[in-house]
Every structure is written in structure tokens, then in C-alpha cells.
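In: heads up, no residue letters with this:
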């Protein structure tokens, strides 16, 4: 067994699904390929959170994409973390920014983006996107991807 994985809290263990949002659930491990720039993408097609006013569920396909730095997120802990939003009441825009902030704090990736494609409710969908990068190369990438996502052109 790899010694560097012994500190992971959830992988290989039976864990109770969290009933509330809790960033402490997130685990990370060392990126063994820091010399390369590469993409890691997570897609959660059944992401659920609650409207903070009505308590009604909001469903989304959530996409988290990042270029790792020194740390990477462990996928089981990410799944449990995302489950915690099922009983959490926040607006779509808040949820996407909370996820971005928590993962950015944990991982300090070279680049990251979080996109929520929420199902329409009341005839309208809300699809928030947030991104950011570290260093000139990845700040430029963030600006390019943000412009492409929003349809803004120079």
C-alpha cells in the first residue's frame, strides 16, 4: 500500500453520507506529475441543492475542471462533499462560488473552473460559471475561458 495515501479520511472506508454541507469532508493527495500541465474533470450529473427561500430542490449537472498544482482532490471525498449540498439552502450562484472557494483553498490549483448547468424552474434556468488561475499563464487561460464562456469578445 502507498504510504502517501494513509492520511486520506474516506477512501477505502465506509462513511456515512453527510446530511449537511461540510468542507472538512474533502481530502487531497500529492500530485505525482507536477511537471505536467493536465486537466482533471469531474462531472456530477445528479447534483442537488435547495432553494434558500422555498426549500424546493434544484437539480444541476455540475462540472469541476482543474489543472492541478501540488495537490489533487480525492474523488470519494468530493462525492461526499457534494452530497452535503442536498440539504443546504443557497442560491445557484452562491453554491458554485462556495464549491470553487473550498476547492481552491484545499488544492491551490494552477487553474480551476466550476460550472453549474441547473434545470429550469419556473421557465428559466440559471447556469453560473466561475474560474481562476495562478501565475501569468493560467490567469491568461482564465480570462480566455471566461470570455469564451460568456460570449464576450475583445
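Out: Sure thing, it's come through. The structure presented is a predicted model; accordingly, all values stated were derived computationally and were not measured.

In: C-alpha only now, for contacts and for neighbours.
Out: Noted.

In: which stretches of this protein have low pLDDT?
Out: Counting by pLDDT under 70, the ranges of the chain that qualify are 1-15, 17-18, 152-154.

In: which residue ranges of it form helices?
Out: 75-83, 92-107, 135-150 (DSSP state H).

In: and the nearest residue to residue 142 once chain neighbours are set aside, what is it in contact with?
Out: Taking Cα to Cα, 6 or more residues apart in numbering, and ignoring the residues beside it in sequence, residue 142 has residue 132 as its nearest neighbour in space, at 5.3 Å. With contact taken as Cα atoms under 8 Å, 6 or more residues apart in numbering, residue 132 is in contact with 111-113, 138-139, 142.

In: and residue 132, what are its bridge partners?
Out: The residues listed as beta-bridge partners of residue 132 by DSSP bridges are residue 112.

In: quick one on the thing from earlier: residue 50: which of the helices of the chain is closest?
Out: Shortest separation from residue 50 across these is recorded for helix 92-107, at 9.0 Å, computed as Cα to Cα.

In: so what touches that closest one?
Out: Looking at what lies outside helix 92-107 - Cα under 8 Å, 6+ apart - the contacts are 23, 26, 28, 68-73, 112-116, 118, 126-131.

In: buried ones among the residues you listed?
Out: Among these, the ones that count as buried by 16 or more other Cα atoms under 10 Å are 23, 26, 28, 68-73, 112-116, 118, 127-131.

In: many thanks, I have nothing further to ask.
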